[in-house]
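coordinates for the following, if possible.
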Amino acid sequence: MRVLFVFNHQAPYKVRLFNELSKEIEVTALFERLKDSDRDPRFYNCNDIKFKPTYIKGLNLGHDNHLSRGIVKHLMNNEYDIVVMNGWHTFSEMMAINHLKKHGKSYVFYINGGIINIKESRIMHKIKTHYISGASLYFSPDENSNKYLIHYGAEPEKIINYPYSTIYEKEILNNPLSSKEKLSIRESLKLDADKVFVSCGQFIPRKNYESLITYWKKQPASHLLVLIGGGPKEKKYRRLIKKLELTNVQIFDFQPRDVVFKYFQASDAYLFPSNEDIYGHVVNEALSQGLPVISNLNVNSAIHLIKNGENGYVINFKNSHEIDEAISKTLNTNSMPSEAIKTAHKNTIELMAKVHIDAFKEWTSNK
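Numbers count the residues shown, from 1 in each chain. Below is the predicted model:
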């Protein structure tokens, strides 16, 4: 089976999926650009590629848009059993979808998540409906994203849900770490605190770290907040920490994946204050290290994966009382790390690839 994936940039989480799929099917990935310009270059560490990558020439516009007829030309010159369009947002992708529709070619429409914009104009709704509707099959990671697809014209019976993951089964902890093991990791990372809370993401307004830092003023000095990511708002965050005279907040630049996981293992809870995330795969990554997750609303992965009181909480981060209560309950519930690991075992790259391959086989057999 020959499958073409059209994707905007060579993200590591896509590389892992394509590598896993390549064990059973022939995968070609067509990338519009090597990287998203607002991502830290160190995010892209994709040396181990086991599929066939193809890069199209074109004009990069902004941090993720792209203009080229390269996808259309590739579709005209190559034959595939399945064509997967991962989104429609770039001009290049729009031209490709228009080409597929014009020539009556079946294709899969793929999303990593989606949130309905209830304030969008009629014109924008019409544009989205044009590009999202009409696919033969849809791949979606969660229930909220299903609603997004249906809102823009997808037929519900054509939607396949897949476990969206960036982790392999072998990366998940076998069991929660003991207090002694956590303490040893904290010492190696020089984290001197009774309780440690971590959050990892780009330092941009949407991630809402400024609000979290301000809230942390009311936390005990023995509760350490660790923020990892780097980005344009880092200097502002450091000024705020100084202004509030906080001694229990540490900020770190972008860190490699293995280092980030060490911070997860050293912590008592993961905090995800983001105002909005169409998915947010860091939630499952934190769970995989036995870390309960306390997430803001409008984060699809949290709504999908977190069960309040079992492996974390989904709360309103604008309400400090809700944050207080979630932190207190999390610290006093011993079963959460085990439940976090159980959830992660249900959301691995291996399982994600299996859902893809099974769906591809069934669809092609019925074509």
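
helices along the stretch 51-200 of the chain, start to end?
For the stretch 51-200 of the chain, the helices defined by DSSP state H, counting those that start in this stretch occupy 70-77, 91-102, 122-132, 143-151, 179-189.

those into TSV, with extra columns for mean neighbour count and distance to Ser365?
All C-beta spots, glycine's among them, are computed from the backbone N, C-alpha and C. Shown next, in TSV, are those (neighbours: other CB atoms under 10 Å; distance: least, CB to CB, whole Å):
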stretch	mean neighbour count	distance to Ser365
helix 70-77	16	23
helix 91-102	18	21
helix 122-132	14	26
helix 143-151	19	24
helix 179-189	13	48
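
now tabulate those helices in CSV and tack on mean pLDDT and distance to Gly58.
Shown next, in CSV, are the helices of the stretch 51-200 of the chain (pLDDT from 0 to 100; distance: least, CB to CB, whole Å):
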stretch, mean pLDDT, distance to Gly58
helix 70-77, 95, 6
helix 91-102, 96, 6
helix 122-132, 96, 18
helix 143-151, 97, 27
helix 179-189, 96, 43
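
right, so of those helices, which gets closest to Glu322?
For those, the distance to Glu322 is smallest for helix 143-151, at 20.3 Å, taking CB to CB.

now render the helices of the stretch 51-200 of the chain as TSV, adding distance to Phe203.
Listed next are those as TSV, based on distance: least, CB to CB, whole Å:
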stretch	distance to Phe203
helix 70-77	33
helix 91-102	28
helix 122-132	29
helix 143-151	26
helix 179-189	20
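
for Lys346, find the nearest of those helices.
Comparing these by CB to CB, helix 143-151 comes nearest, at 15.2 Å.

what angle sits between the closest one and helix 122-132?
Interaxial angle of helix 143-151 relative to helix 122-132 (axes from the mean of the first three to the mean of the last three CA atoms, to 10 degrees): 100 degrees.

elements contacting helix 143-151?
Applying 3 or more CB pairs under 8 Å, 6 or more residues apart in numbering; DSSP states H and E, one finds that helix 143-151 makes contact with strand 137-140, strand 159-161, helix 300-305.

and if we set it to 10 Å?
If contacts are counted by 3 or more CB pairs under 10 Å, 6 or more residues apart in numbering; DSSP states H and E, helix 143-151 sits against helix 122-132, strand 137-140, strand 159-161, helix 300-305.

next, format these as CSV and append distance to Tyr148.
Converted to CSV, the helices and strands packed on helix 143-151 look like this (distance: least, CB to CB, whole Å):
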stretch, distance to Tyr148
helix 122-132, 9
strand 137-140, 8
strand 159-161, 10
helix 300-305, 9
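
just how off-centre is the lowest-mean-pLDDT helix or strand in the chain within its chain?
None of the helices or strands of the chain scores lower by mean pLDDT, DSSP states H and E than strand 59-61, at a mean of 81. Relative to the centre of its chain, strand 59-61 is centred 24 Å away, using CA atoms, centre = their mean, to the nearest Å.

number the chain from 676, please
Done: numbering now begins at 676, and the last item shifts to strand 734-736.

may I see the buried residues of it?
Within strand 734-736, no residue counts as buried by 16 or more other CB atoms under 10 Å.

list the contacts of the lengthiest helix in the chain.
The longest helix of the chain (DSSP state H) is helix 1024-1041. Outside of helix 1024-1041, the residues that reach it under the criterion CB atoms under 10 Å, 6 or more residues apart in numbering are 676, 678, 688, 691-700, 756-757, 759, 781, 783, 785, 811-812, 814, 816, 833, 835-846, 1020, 1023.

and the closest residue to Ser963 other than its chain neighbours, what helix or strand is that in?
Spatially, and ignoring its direct neighbours in sequence, Ser963 is nearest to Ala1019 (3.8 Å; CB to CB, 6 or more residues apart in numbering). Ala1019 belongs to helix 1011-1020 when assigned by DSSP states H and E.

for that helix, the averaged confidence score.
Mean pLDDT, computed over helix 1011-1020, is 98.

now do it: which elements does it pack against?
strand 944-947, helix 957-963, strand 968-971, helix 975-980, strand 987-990.

I'd like these as CSV, with mean pLDDT appended.
Below are the helices and strands packed on helix 1011-1020 laid out as CSV (pLDDT from 0 to 100):
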stretch, mean pLDDT
strand 944-947, 98
helix 957-963, 97
strand 968-971, 98
helix 975-980, 97
strand 987-990, 98
